[in-house]
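>>> sequence and predicted structure, then a few things I'm wondering about:
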Amino acid sequence: MPGLRTEITEIATGLGTTGRTIDEAFSTQPFALRSVPGDVWNQVAQAYDAGVDTWLFDAAFRNGQALLDAHEGLRGRAPYRVEWKGPHRPPGDNVIPADLRIDHVYLVSCKYLSNILHNPGPARLFDRLLMGEQRSSEDWFHAVSPSEYQAFYVAARDHVALALPDDVRDLTRQQQRTLRDCLRERELPAELRDPWTRLCASVSAASARRWSVNLTTTATKLRLLWRLIRVADASYFVLGAAPGGSLRFRVMSAWDWMQVYELRAFDIAPSRAGQPQVAWSASVRRRDGDSESVVAGHVEIRWSHGRFNGMPEAKVYLDTPHAEVPGYLPLR
């Protein structure tokens, strides 16, 4: 479920497109946005009235106003329908991370102080290349590095000195939580560091190999790049904030991208970090000249709810500033 800050950014961005002032927008009844439940609206409106996260309300509302005024946006025409997607996950393969829909046509993704692109299961990323929505119950650590995973578990079990099973796969949910609670400290005990380092190196290398094996053609690599950086069949807008200021972009459609850019290389490599990690980068050339740019990021493979608790996830980060990503055009 989204937190209050997420609701503030998305709802305030939508209100900014309506042509009202922010005070007028929050005093309008019925609600200016469709599909916003009454309890959510009341919580966000109360936060605004109480002066909570004023900078966030202001930044989000001004981003909505920028879309209203933009030549490539609404061109000053106040919309008749602004819809909030909310927390629901639509069925199917959702490439555009839309949080708002305006007049059934304009899609808006709200991105505030985050460089996370995706948070899938490792099998969906490395084996299925972000295609499809099916989930896997496979424990990725055991699937790609069973020996190192078991060795780390044995070291952890011996350290906590609890009556736990011999095989890590036999842990019950309650035992997973108990082991997690015993290993909550950010820094591992000395006797667990070497087994953990070996597990990180093994999972990183094995994940990179699995990913590379599935990227057999330039077309496959291009489709993956588009999915990673969220280039889709339709153009949409990214509105948000980064440490350096506002984010206001129109993201090209795949059709437009192909006319402007050419993928030259897509590289994958395991990287050393405090947890399993795989780096990715793509070299892209403009078709109207020889200029070439690189868009890069990394994937952190980690437990979703603490050590040994829950299935590992593959969190995809963008390391390149949004303004330098091929296909992300400043909103005009």
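Now that the structure is in, tell me what you want to look at. Numbering: from 1, shown residues only.
>>> so residue 248 bridges to which residues?
residue 239 (DSSP bridges).
>>> neighbours of it, just the number please.
For residue 248, the number of neighbouring residues by other CB atoms under 10 Å comes to 22. Just so you know, the C-beta spots here come from the backbone N, C-alpha and C atoms, and that holds for glycine as well.
>>> I figured it was touching residue 63, is that so?
Yes - Residue 248 is in contact with residue 63 according to CB atoms under 8 Å; the separation is 6.3 Å.
>>> shared neighbours of these two, which are they?
residue 239 (CB atoms under 8 Å, 6 or more residues apart in numbering).
>>> count the residues that sit near residue 116.
The tally of other residues near residue 116 (other CB under 10 Å) stands at 12.
>>> could you do the one 3 residues further on as well?
Here the number of neighbours of residue 119 (other CB under 10 Å) works out to 12.
>>> equivalent analysis for residue 147, please.
11.
>>> for it, list the residues it contacts.
residue 202.
>>> quick one: mean pLDDT for the helix or strand where it lies?
Using DSSP states H and E, residue 147 maps to helix 146-160. Helix 146-160 shows a mean pLDDT of 97.
>>> in it, what's buried?
Within helix 146-160, the residues scored as buried using 16 or more other CB atoms under 10 Å are 148, 149, 150, 151, 152, 153, 155, 156, 157, 159.
>>> surely the fourth one and residue 197 touch.
Okay, so that is residue 151. No - between residue 151 and residue 197 there is no contact under CB under 8 Å: 11.3 Å.
>>> what about the longest strand in this structure?
In the chain, with assignment by DSSP state E, the single longest strand is strand 292-303.
>>> strand partners of it, parallel vs antiparallel please.
Strand 292-303 sits in its sheet next to strand 277-286 (antiparallel), strand 312-318 (antiparallel), going by DSSP bridges.
>>> lowest average confidence, helix or strand, in the protein?
When each helix and strand of the chain is scored by mean pLDDT, DSSP states H and E, helix 22-27 comes last, with a mean of 90.
>>> one step back: ok, so of the buried residues of helix 146-160, who is nearest residue 67?
Of all these, residue 149 has the smallest distance to residue 67: 47.1 Å, by CB to CB.
>>> that closest one and residue 78, how far apart?
56 Å (CB to CB, to the nearest Å).
>>> related to what we said a few turns ago, now mean pLDDT, distance to residue 113 and mean neighbour count too, for the strands paired with strand 292-303, in TSV please.
Below are the strands paired with strand 292-303 laid out as TSV (pLDDT from 0 to 100; distance: least, CB to CB, whole Å; neighbours: other CB atoms under 10 Å):
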stretch	mean pLDDT	distance to residue 113	mean neighbour count
strand 277-286	98	22	20
strand 312-318	96	13	21
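>>> which of those strands sits closest to residue 105?
Judging the strands paired with strand 292-303 by CB to CB, what sits closest to residue 105 is strand 312-318, at 26.4 Å.
>>> downstream of the closest one, the next helix or strand is which one?
Sequence order places strand 328-330 as the next helix or strand after strand 312-318, per DSSP H and E.
>>> distance check, residue 194 against residue 201.
Distance, residue 194 to residue 201, using CB to CB: 11 Å.
>>> what's in contact with stretch 314-324?
Stretch 314-324 has contacts (CB under 8 Å, 6+ apart) with 111, 115-122, 124-126, 140, 207, 228-229, 238, 242, 244, 247, 249, 293-302, 325, 328, 330.
>>> which residue comes closest to residue 178 once chain neighbours are left out?
Excluding the flanking residues, the one nearest residue 178 by CB to CB, 6 or more residues apart in numbering is residue 162, at 6.8 Å.
>>> and the one you found, how far from residue 176?
Using CB to CB, residue 162 is found at 12 Å from residue 176.
>>> higher neighbour count, those two?
It is residue 176, of residue 162 and residue 176, that has more neighbours when counted by other CB under 10 Å, with 19 against 12.
>>> pretty sure residue 102 contacts residue 78?
No - under the criterion of CB under 8 Å, residue 102 is not in contact with residue 78, lying 10.1 Å apart.
>>> anything in contact with each of these two?
With CB under 8 Å, 6+ apart as the test, residue 102 and residue 78 both reach residue 17.
>>> and the two? Which one has more around it.
The residue with more neighbours, out of residue 102 and residue 78, is residue 102; 22 against 11, by other CB under 10 Å.
>>> okay, and residue 197 sits in which element?
Element membership of residue 197 [criterion: DSSP H and E] is helix 190-214.
>>> next SSE after that helix?
Downstream of helix 190-214, the next assigned helix or strand under DSSP H and E is helix 218-229.
>>> that older thread, next, the angle helix 190-214 makes with the longest strand of the chain.
On the basis of axes from the mean of the first three to the mean of the last three CA atoms, to 10 degrees, strand 292-303 is oriented at 130 degrees to helix 190-214.
>>> and strand 292-303, how far out from the chain middle?
Here strand 292-303 is found 11 Å from its chain centre; the criterion is CA atoms, centre = their mean, to the nearest Å.
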